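Engineer: Next comes the sequence, and after it the predicted model I'd like to discuss.
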Amino acid sequence: IVWLAKRNDSPEIDENGKESLNFQISMLIYNVIAGVLCLLLIGFVILAILHILNLVLVIVASIQANEGKFYRYPITIRLIK
């Protein structure tokens, strides 16, 4: 929501917002796949790992953005350019 409201104010906000949105869309896709894999019982472990990874990477990205640096999330499918 912040990205939609402020993306025209600064190119840094626009880039960080796109990167964050791409990461969250990627995490949604990975969570759906892990949900299907729950039928094989391995999905529960993958879901736990994804949730921890999501939390850690969002905190790291927030710290980097606060310092004025651009953070590129790993394992991200870049759908929005």
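Structural biologist: That came through, no problem. Given the structure is predicted, the values throughout are model-derived calculations rather than measurements.
Engineer: What lies in contact with stretch 32-43?
Structural biologist: Applying Cβ atoms under 8 Å, 6 or more residues apart in numbering, the contact partners of stretch 32-43 are 44, 46-47, 50. Where C-beta positions appear, they are placed from N, C-alpha and C, glycine not excepted.
Engineer: List only buried entries from those residues.
Structural biologist: With burial judged by 16 or more other Cβ atoms under 10 Å, the buried subset of those is 46-47, 50.
Engineer: Turn the contacts of stretch 32-43 into TSV, including secondary structure.
Structural biologist: TSV is the format used below for these (DSSP: H, G, I helix; E, B strand; the rest coil):
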residue	secondary structure
F44	helix
I46	helix
L47	helix
L50	helix
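Engineer: Nearest to E12, out of those: which one, please.
Structural biologist: L50 (27.6 Å; Cβ to Cβ).
Engineer: Wait, the closest one touches L28, no?
Structural biologist: No: using Cβ atoms under 8 Å, L50 is not in contact with L28, being 10.0 Å away.
Engineer: circling back: widest-spaced pair of the contacts of stretch 32-43?
Structural biologist: Top of the distance list for these (Cβ to Cβ): F44 and L50, 10.8 Å.
Engineer: Would you state the predicted confidence (pLDDT) at the most centrally placed residue in the chain?
Structural biologist: The C-alpha lying nearest the average C-alpha coordinate of the chain belongs to F23 (Cα atoms, centre = their mean; 2.6 Å). Here, the pLDDT recorded for F23 equals 93.
Engineer: where does it land in three-state SS?
Structural biologist: Quick answer, by three-state DSSP: F23 is helix.
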